[in-house]
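*Asks:* fold the following and give me the result.
(2 chains)
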Amino acid sequence: MNVNTHMTVNRITDQIWEIPPSEKDGMRVPARIYATESILSDMDSGVFEQVTNVACLPGIRRYALCMPDGHWGYGFPIGGVAAFDPDEGIISPGGVGYDVNCGMRLIRTDLTLSDVRPRLDDLMTELFRKVPAGVGSKGSVRLNRRDFDDVMRKGAAWCVEQGYGWTEDLERIEERGCIGGADPSHVSDRAVERGHSQLGTLGAGNHYLEVQVVSNHRIFDLETAAAFGISGHDQIVVMVHCGSRGFGHQIASDYLKSFDKAMRRYGMTVKDPQLACAPFRSPEGQEYFSAMNCAANSAFANRQVITHRIREAFMAVFGSSAEALGMQVIYDVAHNIAKVERYAGGDLVVHRKGSTRAFGPGRLELPEAYRRTGQPVICGGSMETGSYLLVGTERAMHETFGSSMHGSGRTMSRGQAKKMVSGEQIRKQMEQRGIIVKAVSMSGLAEEAGLAYKNISDVVETVDLAGITKKVAELRPIGNIKG
Amino acid sequence: MPASFRILDDIAIADVAFEATGNNLSELFVAAAQAVIDIVADPTTVAKAWHRTIEREDDQIAELLFDWLSEIVYLKDAEGIVFCEAMASVVHDSVHRCWRLHGELIGETIDPARHELRSDVKAVTKHLYEVWENGEHWKARVVLDI
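*Replies:* Okay, the predicted model is just below:
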């Protein structure tokens, strides 16, 4: 088999591949990649280098993992998962990413395609107006420093207090949309200055807001789908992909710089400067953890305000209340984060970078409604190919620290994509296929062309076969907003 | 060779990488800034309506360039600015054993109706980051998180 590495890669199962610690100096645990043979052979060399670099970090437990949507990132590969002992291990901004708590939210409706199709253009125009996107976009929520401190501490709960959403929304957000231990005193003024005006904005790059349809024949598990509020029958749902915006980006930048110095102080070395880290229990490690939680809470708040604006847009177009339209949040998941989670052997600091928590049935962290099924796992595909709703499993708890994939993963650079297709061409092609696209930047649209991504169905099939998440439903786009 | 930059398509699949070149450090700083400016928005659509002077010092030239480029990313979000021009003067202060930058950034407040906006840069990264002297030229390789 051809793989883009000189290292030995052993087949454990048809979906699990292992690089033993003997393949690189300093590896403390094996590296495991979840992939079919075909996906593995297409993975770039960076994945193998980076996942084995992660395996060298102090205090890592069991495996350094990479999901099938994995590709070259900074420090950790995108799709990376690693868990560290809180007493002996580290925390690393490179294991979280610049966009802290970049994540996905899925909102259901009682509307069907036949209700929405005749008004789709109006709906997308209204959503584009209500949810600012693109470079430099500012949100409509005006915040002073004290308000923003409250956003950092309370996350989505602050939004609900201010009237942006429903109390029941909070039940359907990972960590109820508020992670404890977020202390604004560990956040720089520059981070606040970058982020305070961006609450309720999508951003750009691969972030989007998408109106999607769920057909009967694309539901794979009727019972779980029903528990999640998915009934099929060409049901309309809305997916949001965004994160903590400039605020989180600045926190990541600030701490990568300060960790550089902290590592020298603690006599630590890493294989890649983007893996800069500090002992989790050290003052520097705890300060980053606290600041990162501020950013994570701001991202939950960002998606909460966007949810409120989505409901407003639907109400304006369809002339009914959001309650009457059945616009409940299905779930909100983080896919760039580090968290302390309890496993059989005790607490672990789990880093997920381009990977989603995928807790199986019975976990007390889940809302009661999902404790029997396992948690919804929301995986976004390219804007042309669709997305998936999956469910977490017991197997993920044993194998992957309750983690799974997050999206389809790129296979082509932004520049290459732009050489192959223009934004205007994509907009027209998608319109011919019944998908309305509203984009701030046409070059940005071309960069996100479907041809630049792996086939999400292949990636989803891998995690389904591996049993670390199971397919529930496929979601097909009919309208997309991009920055 | 005039100060210039070129996009490196092969080393950052999800993001944007570039290599900047200058005959001296001042030119390198201008070329790298122009790369970031160009990646965020088409500078030919941006008017000269806003101006900021940036003074920085560092004992390492790579860190000084990193901070200079990071300042552009920060101002884009914090003040909502897109840019059309950058100027820079980099000198070595042998007394204090550090490099000193006097930089100027010119642009205007973002207006999506007039500006051709491109990529929203999240951060300047240290991934494969390098600043080096190559014969008569100074070069830098930079990966931006998008």
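*Asks:* so who does residue 48 touch?
*Replies:* Went with chain A since none was named. A:Val3, A:Asn4, A:Thr5, A:Met7, A:Val9, A:Ile19, A:Ala31, A:Ile33 (C-beta atoms under 8 Å, 6 or more residues apart in numbering or on different chains). Placement of C-beta: from N, CA and C, glycine included.
*Asks:* sorry, should have said chain B
*Replies:* With C-beta under 8 Å, 6+ apart, B:Lys48 has these contacts: B:Cys84, B:Glu85, B:Ile106, B:Gly107, B:Glu108.
*Asks:* A:Val214 now?
*Replies:* Taking C-beta under 8 Å, 6+ apart, one finds A:Ile230, A:Gly232, A:Asp234, A:Gln235, A:Val237, A:Ala473, A:Glu474, A:Leu475, A:Arg476 in contact with A:Val214.
*Asks:* residues in contact with the fourth one?
*Replies:* Right, the one you point to is A:Gln235. Residues in contact with A:Gln235 (C-beta under 8 Å, 6+ apart) are A:Arg108, A:Thr109, A:Asp110, A:Leu111, A:Thr112, A:Val213, A:Val214.
*Asks:* hmm, back to that, quick one: which two of the contacts of B:Lys48 are the most distant?
*Replies:* Farthest pair in those (C-beta to C-beta) is B:Glu85 and B:Glu108. Separation: 11.0 Å.
*Asks:* more neighbours: the two, which one.
*Replies:* B:Glu108 (19 against 16; other C-beta atoms under 10 Å in any protein chain shown).
*Asks:* isn't that one right up against B:Val82?
*Replies:* Yes. Contact criterion C-beta atoms under 8 Å: B:Glu108 and B:Val82 qualify, at 6.9 Å.
*Asks:* what touches both of these two?
*Replies:* B:Val46.
*Asks:* tell me the one among the contacts of A:Val214 nearest to B:Tyr129.
*Replies:* A:Leu475 (38.1 Å).
*Asks:* check which helix or strand that closest one maps to.
*Replies:* Assessed by DSSP states H and E, A:Leu475 sits inside strand A:469-482.
*Asks:* gap between B:Cys38 and B:Leu144?
*Replies:* No Cys there; residue B:38 is Asp. Using C-beta to C-beta, to the nearest Å, B:Asp38 is found at 11 Å from B:Leu144.
*Asks:* all helices for chain B, in order.
*Replies:* Applying DSSP state H to chain B gives helices spanning B:25-40, B:61-78.
*Asks:* among the ones you listed, which comes closest to chain A?
*Replies:* helix B:61-78 (3.6 Å; C-beta to the nearest C-beta).
*Asks:* which strand residues bridge the closest residue to A:Gly386 other than its chain neighbours?
*Replies:* Among residues not flanking A:Gly386 along the chain, A:Arg476 sits closest, at 4.7 Å (C-beta to C-beta, 6 or more residues apart in numbering or on different chains). Following DSSP bridges, A:Arg476 is listed with bridge partners A:Val213.
*Asks:* A:Arg476 contacts A:Gln212, doesn't it?
*Replies:* Yes. Here A:Arg476 reaches A:Gln212: they are 6.0 Å apart, a contact under C-beta under 8 Å.
*Asks:* which one's more surrounded, the two?
*Replies:* A:Gln212 (22 against 18).
*Asks:* give me the element the residue nearest to A:Gly450 when sequence neighbours are not counted is part of.
*Replies:* Spatial nearest neighbour of A:Gly450, excluding adjacent residues (C-beta to C-beta, 6+ apart): A:Glu384 at 3.1 Å. According to DSSP H and E, A:Glu384 maps onto no helix or strand at all.
*Asks:* same deal with A:Val116?
*Replies:* helix A:113-116.
*Asks:* what about A:Arg395, neighbour count?
*Replies:* Other residues close to A:Arg395 by other C-beta under 10 Å number 16.
*Asks:* what about the strand or helix carrying it, average pLDDT?
*Replies:* Using DSSP H and E, A:Arg395 maps to helix A:394-399. In this model, helix A:394-399 carries a mean pLDDT of 97.
*Asks:* quick one: residues in contact with that helix.
*Replies:* Under C-beta under 8 Å, 6+ apart, the answer for helix A:394-399 is A:343, A:358-363, A:374, A:402-404, A:466-469.
*Asks:* same thing but 7 Å
*Replies:* A:Ala358, A:Phe359, A:Gly360, A:Pro361, A:Gly402, A:Ser403, A:Ser404, A:Gly467, A:Ile468, A:Thr469 (C-beta atoms under 7 Å, 6 or more residues apart in numbering or on different chains).
*Asks:* same question, stretch B:60-70
*Replies:* Applying C-beta under 7 Å, 6+ apart, the contact partners of stretch B:60-70 are A:253, B:25, B:29, B:32-33, B:36, B:54, B:56, B:58, B:99, B:101, B:103, B:124, B:131, B:140, B:142.
*Asks:* swap in 6 Å and give it another go.
*Replies:* The list of residues contacting stretch B:60-70 from outside it, by C-beta atoms under 6 Å, 6 or more residues apart in numbering or on different chains, reads B:Phe29, B:Ala32, B:Val36, B:Arg56, B:Asp58, B:Trp99, B:Leu101, B:Gly103, B:Val124, B:Val131, B:Ala140.
*Asks:* what do you get for stretch A:131-148?
*Replies:* Applying C-beta under 6 Å, 6+ apart, the set of residues contacting stretch A:131-148 is A:192, A:196-202, A:204, A:209, A:305-306, A:309, A:440, A:481, A:483, B:80, B:110, B:117, B:120.
*Asks:* do stretch A:355-364 as well
*Replies:* Outside stretch A:355-364, the residues that reach it (C-beta under 6 Å, 6+ apart) are A:67, A:79, A:81, A:333, A:335, A:366, A:372, A:374-375, A:377, A:392-394, A:396-397, A:402-404, A:406, A:469.
*Asks:* looking at these, which are in strands?
*Replies:* A:Met67, A:Gly79, A:Val81, A:Val333, A:Val377, A:Gly392, A:Ser403, A:Ser404, A:Thr469 (DSSP state E).
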